[in-house]
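>>> With the sequence up front, the predicted model follows.
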Amino acid sequence: AQSVSQHNHHVILSEAASLELGCNYSYGGTVNLFWYVQYPGQHLQLLLKYFSGDPLVKGIKGFEAEFIKSKFSFNLRKPSVQWSDTAEYFCAVNAGNNRKLIWGLGTSLAVNP
Amino acid sequence: EAGVAQSPRYKIIEKRQSVAFWCNPISGHATLYWYQQILGQGPKLLIQFQNNGVVDDSQLPKDRFSAERLKGVDSTLKIQPAKLEDSAVYLCASSLGVKLSTDTQYFGPGTRLTVL
């Protein structure tokens, strides 16, 4: 069965530190990849997505993610985090023209000012 | 543009009682999703509608859960009877529905259900 793994469940960083959140999926064919974010007290919202073209995609608020097909990965990065990046981050994959997203368990990020 | 609306925001019931949640998607969005999110986990799709037809309900516990989207707009999700393990946040999302595999989903605020 298709699955999505997010390796880091809880991450604590200081402001200005660099961030990388891991996401790996299990599917050998064409995939569409998403990162969603949920800020405290807010709705889940799209951070960025990839479905074709340049494997390095840029999203809102300075986030980017790189699709590495050989590693089945779609890691999220930000060079310098801010306190306002404190949130829950979810990786999700739509595999093989499937109609539904498969979600990871999420990573809780806390940024200390 | 108005977002996805859900009500109620919170609900506390006792086990074996019934409960219903309502969702109004973004205007013009053909696809509507109901997710269950248990604390510490990612969203789990319960049911997905395209207009008023069901696209996927493979993970909906049909012995106790039901959902409808009769006019292809708003939707209700019902649990009858509720069990303790149904305690979760129930999320509604909608998307344009042009190409489901790449659609961005827009989420509502969710309904937090506590079953005692």
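Sure thing, it's come through.
>>> Quick one: distance of the lowest-mean-pLDDT helix or strand in chain A to the chain centre.
When the helices and strands of chain A are scored by mean pLDDT, DSSP states H and E, strand A:102-103 comes last with a mean of 92. Counting by C-alpha atoms, centre = their mean, to the nearest Å, strand A:102-103 is centred 11 Å from the centre of its parent chain.
>>> what residues does it touch?
A:2-4, A:25, A:90-95, B:42-44 (C-beta atoms under 8 Å, 6 or more residues apart in numbering or on different chains). Any C-beta I mention is one placed from the backbone N, CA and C, and that applies to glycine too.
>>> What sits closest to the residue most central in space within chain B if chain neighbours are left out?
Geometric centre of chain B, nearest residue: residue B:34, 2.5 Å, by C-alpha atoms, centre = their mean. The shortest distance from residue B:34 to any residue other than its chain neighbours is 4.5 Å, reached at residue B:46 (C-beta to C-beta, 6 or more residues apart in numbering or on different chains).
>>> Please apply the same query to residue B:38.
residue B:88 is the one closest to residue B:38 (C-beta to C-beta, 6+ apart), at 4.6 Å.
>>> who wins for neighbours among the contacts of strand A:102-103?
residue A:91 (30 neighbours; other C-beta atoms under 10 Å in any protein chain shown).
>>> Would you enumerate the residues in contact with the nearest residue to that one once chain neighbours are set aside?
Leaving aside its sequence neighbours, residue A:91 sits nearest to residue A:23 (C-beta to C-beta, 6+ apart; 3.5 Å). Listed by C-beta under 8 Å, 6+ apart, the contact set of residue A:23 reads A:4-6, A:33, A:35, A:65, A:73-76, A:91, A:104.
>>> pLDDT score for residue A:23?
If you check residue A:23, the pLDDT there is 97.
>>> go on, residue A:98?
So residue A:98 comes in at 68 (pLDDT).
>>> what does chain B have sitting close to chain A?
B:3-4, B:40-45, B:48, B:55-56, B:91, B:93, B:100-102, B:104-110 (C-beta under 8 Å from any C-beta of the partner chain).
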